[in-house]
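Student: Pasting a predicted model and its sequence here:
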Amino acid sequence: REVRTKEFCFIDLNPTNEFWFYQHIKGQRSDVEHITLTYLDNEALSPEIVDSIEQRKNRKGWWQVYGLGQLGEVEGKIYKDWQIIDEIPHEARLERRGMDFGYSNDPSTLVDIYSYNGGFILDERLYRKGMSNRELADIIKAQAEQVMVIADSAEPKSIDEIADHGVSIVGCQKGPGSVAQGINFVQDQRVSVTSRSTNIIREYRNYLWKTDKNGKILNVPEHTFSHSMDAVRYGLEGYKEALNDDYEFNLYGQN
């Protein structure tokens with residue numbers, strides 16, 4: 001894209017790890033100016049956002065990146081080693097959609113989950129606030145391919161209303177330890193994300209474990225960047241349960 005730009009390009013980054021900018025641009029070209037700006041330079045930030053940022057000063061890795069604007073590695077990151085790809089391969093198979101509900105404060109999210117070559121590909125379909133259940137149903141039905149949607153079972157009324165509009169949708173399975181088990185399952189998978197899935201990528205990079213007042217990492221995920229991450233977990237766990245059901249049927253259900 002640079003060769004089609006007449007005057008200049010801006011690159012905005014939160015350097016959670018070294019990437020192509022550090023390898024091919026910074027220190028390698030004479031026509032590049034590198035400026036470090038932090039939240040303190042943004043006069044439009046509300047006191048609530050500033051307070052939220054500064055409450056994480058005890059998280060050394062996070063603060064180095066998001067507080068000081070320096071290159072670092074965010075500690076307490078839940079998922080790692082996901083790959084970003086430009087396109088979904090033709091051979092990939094759409095298996096499930098994961099959905100997390102929101103409205104005023106949180107977005108509703110919808111994620112397509114493809115199986116491919118022993119791993120999974122995630123593709124963002126929706127990340128938006130203020131969506132009614134009818135609007136959610138219309139968006140799902142407008143997709144070219146229809147598969148089972150696995151949604152947050154904490155909202156059975158929303159699931160029933162969406163199902164009444166002709167969508168194949170069920171609630172995820174929840175119980176003691178289900179969140180940790182689901183995260184462990186997702187961690188064990190080889191995951192790729194399409195480059196157009198900007199909110200999934202942003203949440204993946206910022207999905208962290210909570211810490212106590214001493215900075216000790218707890219086995220509980222933070223809520224702030226959990227929306228599409230929850231949708232991914234619901235969808236993948238639903239796919240796993242379907243595979244287990246098929247296996248048990250083949251093992252015990254046939255004569």
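Tutor: Noted; the coordinates are in hand. Since the structure is predicted, the reported quantities are computational estimates derived from the model, not experimental observations. Residues are numbered from 1 along each chain as shown.
Student: which regions of the protein sit below the pLDDT cut-off?
Tutor: Scanning the chain with the threshold set as pLDDT under 70 gives 1-4, 16-20, 23, 73-74, 244-255.
Student: Where do the strands of it begin and end?
Tutor: Using DSSP state E, the strands of the chain run over residues 83-85, 93-100, 108-116, 119-128, 149-151, 169-171, 191-194, 209-211, 217-221.
Student: Give me whichever of the ones you listed is most buried.
Tutor: Most buried of these, by mean neighbour count (mean count of other C-beta atoms under 10 Å): strand 149-151, with a mean of 28. For the C-beta atoms, the positions are set from N, CA and C on the backbone; glycine is no exception.
Student: From Ser104, how far out is the residue nearest in space to the middle of the chain?
Tutor: Geometric centre of the chain, nearest residue: Ile200, 3.3 Å, by C-alpha atoms, centre = their mean. Ile200 is 22 Å from Ser104, where distance means C-beta to C-beta, to the nearest Å.
Student: go on, Gly130?
Tutor: Distance of Gly130 to Ser104, given as C-beta to C-beta: 7 Å.
Student: Val179 too?
Tutor: 23 Å.
Student: Comparing those two, which residue is more hemmed in?
Tutor: Val179 (16 against 6; other C-beta atoms under 10 Å).
Student: quick one, what contacts the closest residue in space to the more buried one that isn't next to it in sequence?
Tutor: Of all residues not flanking Val179 in the chain, Pro221 sits nearest, at 7.1 Å (C-beta to C-beta, 6 or more residues apart in numbering). By C-beta atoms under 8 Å, 6 or more residues apart in numbering, the contact set of Pro221 is Ile78, Val179, Ile183, Tyr207, Leu208, Trp209, Lys210, Met229.
Student: tell me which of those is nearest to Val191?
Tutor: Nearest to Val191 among these, counting by C-beta to C-beta, is Met229 at 11.2 Å.
Student: OK, contacts around Gln21?
Tutor: For the record, residue 21 is Phe, not Gln. Taking C-beta under 8 Å, 6+ apart as the contact definition, Phe21 lies against Ile11, Leu13, Pro15.
Student: Out of those residues, flag the one nearest to Ile159.
Tutor: Checking the contacts of Phe21 against Ile159 with C-beta to C-beta, the nearest one is Leu13 at 38.6 Å.
Student: Any figure for the gap between the spatially closest residue to the closest one that is not a sequence neighbour and Leu68?
Tutor: Excluding its sequence neighbours, the residue lying closest to Leu13 (C-beta to C-beta, 6+ apart) is Phe21, at 6.5 Å. Applying C-beta to C-beta, the value for Phe21 to Leu68 is 17 Å.
Student: I'd say Val220 and Trp209 touch.
Tutor: Yes - using C-beta atoms under 8 Å, Val220 is in contact with Trp209, at 6.7 Å.
Student: Please report the number of neighbouring residues for the residue nearest to Gln187 when sequence neighbours are not counted.
Tutor: Nearest residue to Gln187, sequence neighbours excluded (C-beta to C-beta, 6+ apart): Tyr79, at 6.4 Å. If you count neighbours by other C-beta under 10 Å, Tyr79 ends up with 16.
Student: residue boundaries of the helices in the stretch 151-255 of the chain?
Tutor: Ranges of helices in the stretch 151-255 of the chain, per DSSP state H, counting those that start in this stretch, are 156-164, 178-187, 198-206, 227-252.
Student: Indicate which one of those helices is closest to Leu110.
Tutor: Judging the helices of the stretch 151-255 of the chain by C-beta to C-beta, what sits closest to Leu110 is helix 227-252, at 6.7 Å.
Student: Helices along the stretch 1-150 of the chain, start to end?
Tutor: Secondary structure of the stretch 1-150 of the chain (DSSP H, counting those that start in this stretch): helices at 20-24, 47-54, 60-62, 133-141.
Student: Residues in contact with the second one: which ones?
Tutor: Among residues not part of helix 47-54, those counted as contacts by C-beta under 8 Å, 6+ apart are Tyr39, Tyr66, Gly67.
Student: again, only this time at 10 Å
Tutor: When contacts are defined by C-beta atoms under 10 Å, 6 or more residues apart in numbering, helix 47-54 is touched by residues Thr38, Tyr39, Leu40, Asn42, Leu45, Ser46, Trp62, Trp63, Tyr66, Gly67, Thr224.
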